[in-house]
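Following is a predicted model, sequence given first.
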Amino acid sequence: MSKKILIIDDLHPVFKERAIALGFEVDDKPLITRTETLAVIKDYVGIAVRTKFRIDKELFDVAPNLRFVARAGAGLDNIDDAVANERNIKLINAPEGNRDAVGEHAIGLLLSLMNNFRNADNEIRNGVWDREGNRGYELKGKTVGIVGYGFMGEKMARKLAGFEVNVIAYDKYKTGFSNEFAREVSMEEIVKHSDVLSLHIPLTKETRQMVNGEYFYHFKKPIFFINTARGEIVNTSAVLANMKSGKILGAGLDVLETEKFPALGEQPWFDELKANDKVILTPHVGGWTFDSYRKISEVLAEKLAEIKL
Ligand SMILES: O=C(O)C(=O)COP(=O)(O)O
C-alpha cells in the first residue's frame, strides 16, 4: 500500500519535510475543499488537519485506506473520535506545540483585564486622561482557579508561578497532580476561593454549554473569567448577566460560542459583548503564534514517526 498523506490545512512545511523523510508521499493542499477531499481521500493512509472542516463519518466512509488523522493543534472536537476508534483509525495531535502560546495568551488577557488596557488605551486615543477610572488590580496574592489540568492547564499554572499567586486546579478526570505550581482541589474549592477562573477543558458532549448561569452561581467571590479553550463550552448570555450583577469583573475571551464571527444581528449577545469595556475579545489566536506554527508541526512529525502502519 502506498503511504500517502493529504494535508488539508495550513501546516508549517517542516511537517511535510519530516513526513517525506519517514517515507511518506505527501500532498500539501491547504486550499482543498471538503468536496474535493471526499473525492480523493480513498488514496490516502493519513490526513493532516487543523480545523477547516469536520473529519466525520461521511469522510471516514469514503476513506477505506485511512489509518490516521494527524491534528496539527490540540483540540480534537472537529474529529469524530468514536467512528475513528471503531475503524481503528489512529488520532494524533500536538498540544505540546501550542501550550506555551495558549498559556501566555491567557495570562495576557488576564493582565489586560486587571489593568484596563483596552479601555485606557481607547480613552487616550479619544482625548481622555482618566487615572482613577483605570485603576487596576494586582495578580499577586490572588487565587487563580484552573479548570482542566491537561497540557494547557498545567502550562498555565507553570507560567503563573512568577506572579506570586495561589494556583488551584480541578480536573474531573485526573487526580494526584498537585505539584509546586498548582494545588489539586475539588470544584467546590474552585468556586469558593477563586478570584480568577481560567478554562482549559476540551469541547465534548459533556462540556458543551457547561459553563452557564448555574455554574457561575456557585462562585463566592467576584471573578475575572478567561476562556482560551472553546467558545461552545460557555453560555455567553450567562457571562453577560453575571457581568451585570458584578459577579464577573471582566471576561477575556479568545473563543466565541459561535466559533466563527457571528453574522450581523445573528447573536444578540455579540453586540453586548462588543459594547462592554470589561470584555476583551481575540479571534481564536491563543494557540496560533509564529512560534507555535512551527512547533506544532515538529511535534506532529515526531508522533507520526511512532505510528506503525
Ligand atoms: O489547537 C487547538 O486546539 C486550537 O484551538 C487551534 O485551532 P486551529 O488549529 O488554529 O484552528
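It's in.

what does this protein put close to the ligand?
Residues of the chain lying near the ligand by Cβ under 6 Å from any ligand atom: Arg50, Thr51, Gly73, Ala74, Gly75, Asn98, Gly287, Trp288. Heads up, the C-betas are built off the backbone N, CA and C, glycines and all.

if we go to 8 Å?
Residues of the chain that fall close to the ligand, judged by Cβ under 8 Å from any ligand atom: 9, 50-51, 71-75, 77, 93-95, 98, 102, 230, 255, 284-288, 296.

Buried subset of these, written for PyMOL?
Of the residues of the chain next to the ligand, the buried ones go into a single PyMOL selection, burial set by 16 or more other Cβ atoms under 10 Å:
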select buried, resi 9+50+51+71+72+73+74+75+77+93+94+95+98+102+230+255+284+286+287+288+296
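
So for the lengthiest helix in the chain, what gets flagged as buried?
Criterion DSSP state H: the longest helix present in the chain is helix 95-114. Residues of helix 95-114 classed as buried: 95-114 (neighbour count, 16+ other Cβ under 10 Å).

same thing with stretch 172-183?
If you call a residue buried by 16+ other Cβ under 10 Å, then stretch 172-183 has these buried ones: Phe177, Phe181, Ala182.

domain assignment for this structure?
Under automatic domain parsing, the residue ranges defining each domain of the chain are 4-93, 97-281.

mean confidence score for the shortest one?
If I follow you right, that is domain 4-93. Average pLDDT, domain 4-93: 98.

Quick check: end-to-end length of that domain?
18 Å (Cα to Cα, to the nearest Å).

what about it, distance to the chain center?
Centroid separation between domain 4-93 and its chain, computed with Cα atoms, centre = their mean, to the nearest Å, is 20 Å.

Now the residue positioned nearest the centre of the chain. Nearest residue, chain neighbours left out?
Centroid-nearest residue in the chain, with Cα atoms, centre = their mean: Ala229, separated by 3.1 Å. Computed as Cβ to Cβ, 6 or more residues apart in numbering, the closest residue to Ala229 that is not its neighbour in sequence is Leu199, at 4.5 Å.

tally of neighbours for that neighbour?
24 (other Cβ atoms under 10 Å).

Can you verify my assumption that it contacts Glu232?
No. Using Cβ atoms under 8 Å, Leu199 is not in contact with Glu232, being 11.5 Å away.
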